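Asks: predicted structure and sequence below. I'll ask about it afterward.
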Protein chains: 2
Amino acid sequence: MNLNSIIPISGVIALLFAAYLIFSVFKKSKGTPKMQEISNAIKDGAMAYMNREYKTVSIVAIVLAAILGWLINIPTAIGFMVGAFFSALAGYIGMNMSVRSNVRAAQAAKKGLKEALFVAVRGGAVTGMFIVGFGILSVGMLYYLYRDPKLIVGAGFGASLISLFARIGGGIYTKAADVGADLVGKIEKGIPEDDPRNPAVIADNVGDNVGDCAGMGADLFETYVVSLIAAMLLGAGLGKGEIILPMLLSAAGIFASIVGILVIKIGKSKNIWKALSTGVFTTAGIAVVLFYFVIKNFSASLNLFYASLAGLFLTIGIWYTTEYYTSKDKKPVQSIARASKTGAGTNIISGLAVGLESTLVPVILIAISIFWASYFGGVYGIAIATIAMLSITAIIITLDSYGPITDNAGGIAEMSGLSQKIRKVTDELDAVGNTTKAVTKGFAISSAALAALSLFVAFANEAGIKVLNLISTKVVIGLFIGGALPFIFSALLMGAVGRAAYVMVNEVRRQFKQIKGIMTGKAKPDYAKCVDISTKASLKEMIVPGIIAVTSPLIVGFILGVEALGGLLAGAIVTGLLMALFLSNGGAAWDNAKKYIEDGKFGGKGSPAHKAAVVGDTVGDPSKDTAGPALNALIKVLNTISILFAGMFVLYSLL
Amino acid sequence: MNLNSIIPISGVIALLFAAYLIFSVFKKSKGTPKMQEISNAIKDGAMAYMNREYKTVSIVAIVLAAILGWLINIPTAIGFMVGAFFSALAGYIGMNMSVRSNVRAAQAAKKGLKEALFVAVRGGAVTGMFIVGFGILSVGMLYYLYRDPKLIVGAGFGASLISLFARIGGGIYTKAADVGADLVGKIEKGIPEDDPRNPAVIADNVGDNVGDCAGMGADLFETYVVSLIAAMLLGAGLGKGEIILPMLLSAAGIFASIVGILVIKIGKSKNIWKALSTGVFTTAGIAVVLFYFVIKNFSASLNLFYASLAGLFLTIGIWYTTEYYTSKDKKPVQSIARASKTGAGTNIISGLAVGLESTLVPVILIAISIFWASYFGGVYGIAIATIAMLSITAIIITLDSYGPITDNAGGIAEMSGLSQKIRKVTDELDAVGNTTKAVTKGFAISSAALAALSLFVAFANEAGIKVLNLISTKVVIGLFIGGALPFIFSALLMGAVGRAAYVMVNEVRRQFKQIKGIMTGKAKPDYAKCVDISTKASLKEMIVPGIIAVTSPLIVGFILGVEALGGLLAGAIVTGLLMALFLSNGGAAWDNAKKYIEDGKFGGKGSPAHKAAVVGDTVGDPSKDTAGPALNALIKVLNTISILFAGMFVLYSLL
């Protein structure tokens, strides 16, 4: 048997394992009619959003495919459609699974923590397995067809496009709903989170799925696919084996992830975080062993194996750094909580300081990984380290999708009036969800930066650039413009959430005022109206950032040429990484500072410090869930477009 | 007569003109004993701070001079002392003048707007003229002595060092006092700005001088000197005339500025902003004419004249862009004010969005200027454009120092109980001070970025780097680390203000509680204690950022070598520029959004929207007056150190 055949086999096994997981979750009870009613409302809202988003995006995709087919070539156009289709399909299935697991997790909570964790993890793992399965199958299939990595770049762009819109749209959706629900419900009306009297509560629960499940899924699918393509492009200059190797390592990672997912079980200590961490570290450990054998079989030298370790080193380093900066038990979050005592102003100042500071260690870790990987394998070594990092994508997504499932489970338990005991179980699950979200976000950001770096080198190769001189005017100009893109992009997204939340706040206020009996529970609020506001806002507000992301490399490439474009890509990667870390970690720290106070510190719930911390949390929401994550998509899409059009820029640029 | 002799002549004339201005201001009355008492308290606080700061910094300077003399050469060590000494002296004289003009401006306000403007402008112009006078004389003298631009780089580093500490220390001082005074006085106690009952009121007034006058002065002195040196270094490769030309253009700028300063007069429209703008645009207009003749005399081609126009284009472009993003009459500020209606959270989100967005146009303007200047004169052309921009430094500092003088004048008028009519005059002057501060800050940032860019190219020359390849691992690593520096630096400074303000808040609260009769005016608060807190905090908190700024290029240079260091410099310039624009413009926009509401919009003073806007202003304070401006100093000091040690890095770097 040819070793290469494990590539398609791993993909098929991923899908089969996903099917098994679906089966094992679907066996579980969906709970009471009341619970199902709420769950259905969330499901309907989520699906309505997805359908409308996909409708819009598919028009864009068809136009772009036509342009690609016309300007570049047909295989690229086909690859583009394949990449976009599988990304969308993975997102669709993942969302469907997530909104079906939430109610089952809530029901399972009646039996206890162990049972509920089982449902939440397996529900999340479905998305993870579909993403890696579709990822490796689509890339492998296209390579089998075309036998040329260059012709697969289109698939990367397709994945980028879906990811871009999923991140932007999902981020705006979820935070417009969340901020709107909190500002009126929690602050003005004083009703708790997930209270069924809040008109925006369903939109908020839909948002969790749309942002964290679909958004993160599309993001990591993209990183998975583009880093495979980048590694294959860079490998193409070295030999045929080097083209295949990245896929073999990814296949190894799939097997490792399956074991890791099955290993997650709650121990006697009832420590959920430990159970999840064990799954991740088991996966990483198995992956290392498999990498060793794959690479030993591939070449006499173990250099690429050492390079791959840099990727796992980065994963672990980011894991602990993110935890440090965003955990309630550590100094940074507590310093924000303490600053809340002197008001919202000092809470914000201190949160900004924490977010900005949190960029340092990740950047140093990335610098070390780059140096390390390149020491053992040059730029191809960096690509291999990226592949190693992303090989555990399936379990990372499992942890990430766990978030919205448990969050929704808590919401369903609250809204359907389940007992305090059950709420306690879902609360415990949900509390860990905050940490998993922060940590997986750190993973997504740093892997996106590494992937973008590989793409950047691949772009230079495509454009025939051997040396990109940083002392030349054009490169410097590109660097400045590229550096500014993440700032503008963040500005647009923060502004979009602000605008959408403003509309939501007014609608929620209107309902509380006009619908008599909401507060006493006699009348039902108009949930659908709020769901509609979030959906419309996110679709409308994704246009401008989308256009900027897609057209800016084209404008710079066609006017200033490939050198300036190279500068733009480098600038965008650097500031994109920094801004994403700043916004994501800062946001998570603000969130947990509030939770820390809610645990009874500095006066606890309702105290002035708590009010100040709620302001910080409101600011942190669009930072960590809209602007920050969308930057991942931005830096990758800039690169995939640039690679695709590199040849044309060389021929037709103005200056 | 040799044309070159106008270089020392222009410097001497600048100093003589400054002496004349001092004389014309000192003739004015110092007002009532009460006014003088308050003014003296401010003066004593300011001088106490300066003396302690200079004592600390001079120890650092002597150690560094010894190291430079030992490791590099004696002329560099001497140049370093000269640069540091004149920067410190200009700061000292400027501060002295500022704290003596404030009370005279308050007194002059009794006679009306025209008279008060006269004092404020002339008081500010003294600082401006000393800075350019000392700047051109010290560079000219050192060049006359050594006849080699390389040996003058030390003077740039000396100026950088003073600027670094002046910016950090001044920024922390002013905002610890301001935030402390506002949070307790305005918000908790409900007493107005500059109320003598507020224990932190004198510290706050001292802070205006320390931050805006001394800090900005040292910053622009540095930019003035280092851009001269960078232009001369780049000119050295072209010919002797090219070394002299930058100084000739600066001399022309001095003459133009004198006319510009004399031209500032309030017209019949009583429009202060128009009067000040007229001064600036007159200066720029005269400068253009003089540049034409200087360059025509220098070479047959007018290419360098066209290059110089790029610098003036950038000045004007930044002028209007900054005004757009920070003016109460424009959309961005009004959007923040509107967002305040839904609370502090949305105020902050929308302010962040405005600040982030405000980076785009300046970056595009800088890209155009670089392209334009380099089209006509290569890298030397960029240096000439920077010189052209900075040639109007004297009038820019005049506008900037106008800020603390009128701000203090208002404070003195309030505290000494002058009539409402007089307060109206000082308020009008002060209101314009906000805009001048924002606009001059934009000038300082963009000129710092251009200067740093020239220094960066000069560094590459010194290090023998012909091509700095952005696709090499080391350069990319440097780019990431350099990009992170401004983030860390901002984090440290924001955190420092948070910590210092926390101590200040507690002290002010303590005084209100323990000193009976403060609120009724029967007992005097202990102003000195608050002055002392700000002084100590700023001296303590400048240590870590100072060490990071000075050592990071040394660490990277000695470990990773000059290529990585080149990447570091480029990364720091890009993110330093972006972060400085974001923080400064965002901060000014928050400030003016609050003022817009205070003008009676969205409920006016005391409304919920106003309370939300006060939170935004509190966050904006350390952004615009501490972290943002300090980044200017950071990006220049990184470059001057790197140039000085370039030769050693090449010989001794580890990797």
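Replies: Alright, I've got the coordinates.
Asks: alpha carbons only for contacts and neighbour counts from here, please
Replies: Fine.
Asks: residue of the stretch 101-250 of chain A with the smallest distance to chain B?
Replies: Nearest residue of the stretch 101-250 of chain A to chain B (C-alpha to the nearest C-alpha) works out as residue A:183 at 8.0 Å.
Asks: what residues does the stretch 51-200 of chain A put near chain B?
Replies: Proximity of the stretch 51-200 of chain A to chain B is assessed by C-alpha under 8 Å from any C-alpha of the partner chain, with residue A:183 identified as the residues in range.
Asks: low-confidence ranges in the stretch 401-550 of chain A?
Replies: Low-confidence segments of the stretch 401-550 of chain A (pLDDT under 70): none present.
Asks: can you pull out the strands in it?
Replies: Assigned by DSSP state E, counting those that start in this stretch, the stretch 401-550 of chain A shows no strands.
Asks: for the stretch 551-655 of chain A, which residue gets nearest to chain B?
Replies: In the stretch 551-655 of chain A, no residue comes nearer to chain B than residue A:615, which is 4.8 Å away by C-alpha to the nearest C-alpha.
Asks: follow-up on the earlier one: from residue A:180, how far off is the nearest residue to the residue of the stretch 101-250 of chain A closest to chain B once chain neighbours are set aside?
Replies: Once flanking residues are discounted, residue A:183 sits nearest to residue A:505: 7.1 Å by C-alpha to C-alpha, 6 or more residues apart in numbering or on different chains. Applying C-alpha to C-alpha, to the nearest Å, the value for residue A:505 to residue A:180 is 5 Å.
Asks: mind checking which of the two has more residues around it?
Replies: When neighbours are counted by other C-alpha atoms under 10 Å in any protein chain shown, residue A:180 comes out ahead of the other of residue A:505 and residue A:180, with 34 against 24.
Asks: name the SS class of that one, please.
Replies: Remark: residue A:180 carries the secondary structure label helix [criterion: DSSP: H, G, I helix; E, B strand; the rest coil].
Asks: which residues touch it?
Replies: A:200, A:501-502, A:504-505, A:508 (C-alpha atoms under 8 Å, 6 or more residues apart in numbering or on different chains).
Asks: quick check: residues of the stretch 501-650 of chain A near chain B?
Replies: The interface of the stretch 501-650 of chain A toward chain B, taken as C-alpha under 8 Å from any C-alpha, is made up of A:502, A:505, A:571, A:574-575, A:578, A:615-616, A:618-619.
Asks: in helices, which of those fall?
Replies: Secondary structure defined by DSSP state H assigns A:502, A:505, A:571, A:574-575, A:578, A:615-616, A:618-619 of those to helices.
Asks: check the residues you listed and tell me the two furthest apart.
Replies: The span of those, defined through C-alpha to C-alpha, is set by A:505 and A:571 at 37.1 Å.
Asks: circling back: assign the residue of the stretch 101-250 of chain A closest to chain B to helix, strand or coil.
Replies: Using three-state DSSP, the secondary structure recorded for residue A:183 is helix.
Asks: isn't it right up against residue A:506?
Replies: No - the pair formed by residue A:183 and residue A:506 falls short of the contact definition of C-alpha atoms under 8 Å, at 10.3 Å.
Asks: which of the two has more residues huddled nearby?
Replies: Relative neighbour count places residue A:183 above the other of residue A:183 and residue A:506, with 25 against 14, counting by other C-alpha under 10 Å.
Asks: let me see the confidence value for residue A:1.
Replies: What the model reports as pLDDT for residue A:1 is 57.
Asks: swap that for residue A:90, please
Replies: According to the predicted model, the pLDDT of residue A:90 comes to 89.
Asks: so it versus chain B, what's the distance?
Replies: Here the distance between residue A:90 and chain B works out to 32 Å (C-alpha to the nearest C-alpha, to the nearest Å).
Asks: run through the residues that contact that residue.
Replies: Contacts for residue A:90 (C-alpha under 8 Å, 6+ apart) come out as A:127, A:130-131, A:134, A:217-218.
Asks: tell me which of those fall in strands.
Replies: Among the contacts of residue A:90, none falls in strands (DSSP state E).
Asks: and the residue nearest the centre of chain A, how far is that from residue A:100?
Replies: When chain A is reduced to its mean C-alpha position, the closest residue under C-alpha atoms, centre = their mean turns out to be residue A:216, at 2.6 Å. Relative to residue A:100, residue A:216 is positioned 18 Å away (C-alpha to C-alpha).
Asks: list phi and psi for the spatially most distant residue from the centre of chain A.
Replies: The outermost residue of chain A relative to its centre, with distances by C-alpha atoms, centre = their mean, is residue A:516 at 40.3 Å. The phi and psi torsions at residue A:516 (degrees, to the nearest 10) take the values phi -70, psi 140.
Asks: next one: the one 3 residues further on
Replies: Main-chain torsions, residue A:519, degrees, to the nearest 10: phi -70, psi -30.
Asks: contacts only, for it.
Replies: Under the criterion of C-alpha under 8 Å, 6+ apart, the contact list for residue A:519 reads A:197, A:512.
Asks: no further questions, thank you.
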